[in-house]
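Student: Provided below for reference: sequence and predicted model.
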Amino acid sequence: MSESILKVNNLVVGFSMYQPRSFHKTTLQVIHSLSLEVNKGEILAVVGSSGSGKSILAHAVLNLLPKNAVVGGEVLYKGQTITKKREKELFGREIAFIPQSIDYLDPVMKVGKQVEGVFGTSKRKEELFNQYKLPIDTSNKYPFQLSGGMARRILICGALMGNPELIIADEPTPGLSLDIAMETLQHFRTFADNGTGVLMITHDIDLALNVADKVAVFYAGSIIEIAPTQDFIKGKDALRHPYSKALIDALPQNEFVPILGTQPYAGDLPSGCLFAKRCKYRNENCVGRQEERELRGGKVRCINAV
């Protein structure tokens, strides 16, 4: 059996905030009862539309959420809860993070020092710069002197400075040329083949399918399907959830076929299936809570899925 390296059980994330024109505080829940697992040597791609909560998942795992966040559930690394003490031992060493925004770079520090960090070496930095086609004199530049693509490659180099056993990559390819984006994903594949677990958050399904082992589909703060990558490659008939099928139809090679409606707002979620209002298969069974269940080698939250 595969060995789990990251396990998220029933994760709930909300944000405590004041209601408009009121002194009354409320909690806006944006992630609901989310569970997933990343095994050693496996790439799990998390896909879904903007605003579905994908980045919040990464920040929750890494305890990077703001102070008004209200978090429930459990996050395990190698079978043990990630405590405050373990964060200092793991983050930046065994657990690497590639953030979505280049604003994570310190604007007043040369990028070479940022890549090396506390644990790195000049030799390893030079190896990574060579891999990601960064001139060696890039070390002496500040973030504002770099293009967006170069800055993103600097973030990747910093994350891979050590030999991480878990990589959490939040949209690692925007701003990169197709060649470098594919090369970056192939590096993730190489890490995974050598035993590293990779949680890759992306909106680019086509790129993810080149390297991922499994795909988790996000919708309105919940994972509605987890399936082997081969099911996505085979086409929508191999998938389980109507939204997953709609994502396949919306790809460029399928002529961007749209569906009506929009993803529900976190403060006004339906009581039953989150996708029901947009689903052509909805019926009276969709009003109840949709529990995750195993189906045809994957997992799905849809009572009508077959």
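Tutor: Arrived safely.

Student: which residues touch Ile180?
Tutor: 132-133, 149, 153 (C-beta atoms under 8 Å, 6 or more residues apart in numbering). In this view, the C-beta of every residue, glycine as well, is placed from N, C-alpha and C.

Student: now do Thr190
Tutor: Per C-beta under 8 Å, 6+ apart, neighbours of Thr190: none.

Student: now it: which helix or strand?
Tutor: Element membership of Thr190, judged by DSSP states H and E, is helix 178-193.

Student: quick check: mean pLDDT of that helix?
Tutor: For helix 178-193, mean pLDDT rounds to 90.

Student: cool, and stretch 271-288?
Tutor: 90.

Student: and for it, what's in contact with it?
Tutor: 219-222, 224, 241-243, 259-261, 264, 270, 289-290, 301-304.

Student: take the contacts of Ile180 and write them to TSV, including secondary structure, pLDDT and neighbour count.
Tutor: Output for the contacts of Ile180, formatted as TSV (DSSP: H, G, I helix; E, B strand; the rest coil; pLDDT from 0 to 100; neighbours: other C-beta atoms under 10 Å):
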residue	secondary structure	pLDDT	neighbour count
Tyr132	coil	89	21
Lys133	coil	90	13
Gly149	helix	88	18
Arg153	helix	91	26
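
Student: for the residues you listed, give me CSV that also has distance to Asp204.
Tutor: Shown next, in CSV, are the contacts of Ile180 (distance: C-beta to C-beta, whole Å):
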residue, distance to Asp204
Tyr132, 18
Lys133, 20
Gly149, 15
Arg153, 17
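
Student: closest to Glu255 among those residues?
Tutor: Distance ranking of the contacts of Ile180 against Glu255, using C-beta to C-beta, places Gly149 first at 29.2 Å.

Student: quick check: the nearest residue to Gly175 once chain neighbours are set aside vs His187, distance?
Tutor: Counting by C-beta to C-beta, 6 or more residues apart in numbering, Gly148 is the residue found nearest to Gly175 once chain neighbours are left out, at 4.2 Å. Distance of Gly148 to His187, given as C-beta to C-beta, to the nearest Å: 19 Å.
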